[in-house]
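[1] this one's structure only:
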């Protein structure tokens, strides 16, 4: 019996991936760039156990048994091709248990963390060394970016078989330690149109998507990489916001349209622009994946003031059952009346956000070596009192 447990991070794209040129191989129509988030606040955790006694492969996701889907099978097949263990172990059936410490399918990149974690755990189980981004990609496209830390670029590649469609690190997490991320959770329910369905629909119906992939992203992705390497936050922020707006314009251009942002999302966009205008500098950037939750990029020194601005215009719920401010603690500050007057936005009723998460750029997947971290017991069944990581 062999048991491996890993955790893997979420990543949030600043240049978006939206659209595949090959649905089966999960090959994108353009490059994308993301920041890997710290696993302290957001991660997937996966335990894989291989045993000659297991009768079939089984998987439990967030406490519920599921079927082994085609994407999981693809990851497994790709990793077995690279395996450095004996044929006997490769024949053993697997029990897999995985959970997230954040909402699944709510636009918080849960599949990216989940498949990256699955690939990382399989690599340890089968003693695979080197790049595993192509294996993670076989499960979920953006998962390839979660196989490494810092800022990461997924190169679309040109090989029809996808051999060069891999992720490469631009810089490690320690390169730009001042960067902070605020995730504002508007709605943690499952979205109406999944990313996979929305993406396919956009590829089939949006002329704007074709133009973006061919003429805009190649240039903008290089500009983003340059901004990261030069630690040029204002350029980074501008490119991030424009790309997010463009991505959601593509979703609107899709037929029928896919609408992921809501009124609270739009209010956050307005607040960020109003704040940047009031301080006469681009200090905060927003980006939205396929969901209503804003992800904000800013620098550590600007977090206390902007957090206070956020609490003023979009105040926390008055009867919060769960902790509202999660993650890295933020020092409270008193805002000047002059600043508040410059921000042309009405104060909202409390509770527009369920909770917020303050995090930083972090490292890639990690192996957990303590037996207490396993999500499966010695019989290969989920630990009954398993708690979130």
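    Right, received. Where do you want to start? Treat the numbers as computed from the prediction; the structure is a model and nothing was measured.

[2] Report the contact partners of residue 227.
    235, 236, 239 (C-beta atoms under 8 Å, 6 or more residues apart in numbering). All C-beta atoms are positioned from the backbone trio N, CA, C, and that covers glycine.

[3] So which of those residues belong to helices?
    Counted as lying in helices by DSSP state H, out of those, are 235, 236, 239.

[4] Kindly reformat the residues you listed as TSV and extend each row with pLDDT and distance to residue 291.
    Output for those, formatted as TSV (pLDDT from 0 to 100; distance: C-beta to C-beta, whole Å):
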residue	pLDDT	distance to residue 291
235	98	26
236	99	22
239	98	21
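
[5] Please, a PyMOL command that selects the buried ones among the residues you listed?
    Restricted to buried positions by 16 or more other C-beta atoms under 10 Å, the PyMOL selection for these reads:
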select buried, resi 235+236+239
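
[6] With distance to residue 50 added, can I get the ones in helices among the contacts of residue 227 in a markdown table?
    Below are the ones in helices among the contacts of residue 227 laid out as a markdown table (distance: C-beta to C-beta, whole Å):
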| residue | distance to residue 50 |
| --- | --- |
| 235 | 48 |
| 236 | 43 |
| 239 | 44 |
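
[7] ok, of the ones in helices among the contacts of residue 227, which one's closest to residue 4?
    residue 236 (36.2 Å; C-beta to C-beta).

[8] Identify the nearest residue to the closest one in space, disregarding sequence-adjacent positions?
    What sits nearest to residue 236 in space, not counting adjacent residues and going by C-beta to C-beta, 6 or more residues apart in numbering, is residue 227, at 4.3 Å.

[9] Check residue 358 too.
    residue 327 (4.0 Å).

[10] Contacts only, for the one you found.
    Neighbouring residues of residue 327 by C-beta under 8 Å, 6+ apart: 40, 41, 356, 357, 358, 359.

[11] What strand or helix carries the last one?
    When you say that, I think you mean residue 359. Assigned by DSSP states H and E, residue 359 belongs to strand 355-360.

[12] Next secondary structure element downstream of that strand?
    Using DSSP H and E, the helix or strand that directly follows strand 355-360 along the chain is strand 366-368.

[13] Show residues contacting stretch 374-384.
    With C-beta under 8 Å, 6+ apart as the criterion, stretch 374-384 contacts 1, 3, 5, 45-47, 49, 51, 54, 58, 60, 63, 95, 97-99, 386.

[14] Which PyMOL command selects the buried ones in these?
    To isolate the buried ones among those in PyMOL, judged by 16+ other C-beta under 10 Å, type:
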select buried, resi 3+5+45+46+47+49+51+54+58+60+95+97+98+99+386
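
[15] Which of the contacts of stretch 374-384 fall in strands?
    3, 5, 45-47, 49, 51, 58, 60, 95, 97-99 (DSSP state E).

[16] which residues of the stretch 1-150 of the chain fall in helices?
    Here the stretch 1-150 of the chain has its helices, by DSSP state H, counting those that start in this stretch, at 70-82, 87-91, 110-125, 133-137.
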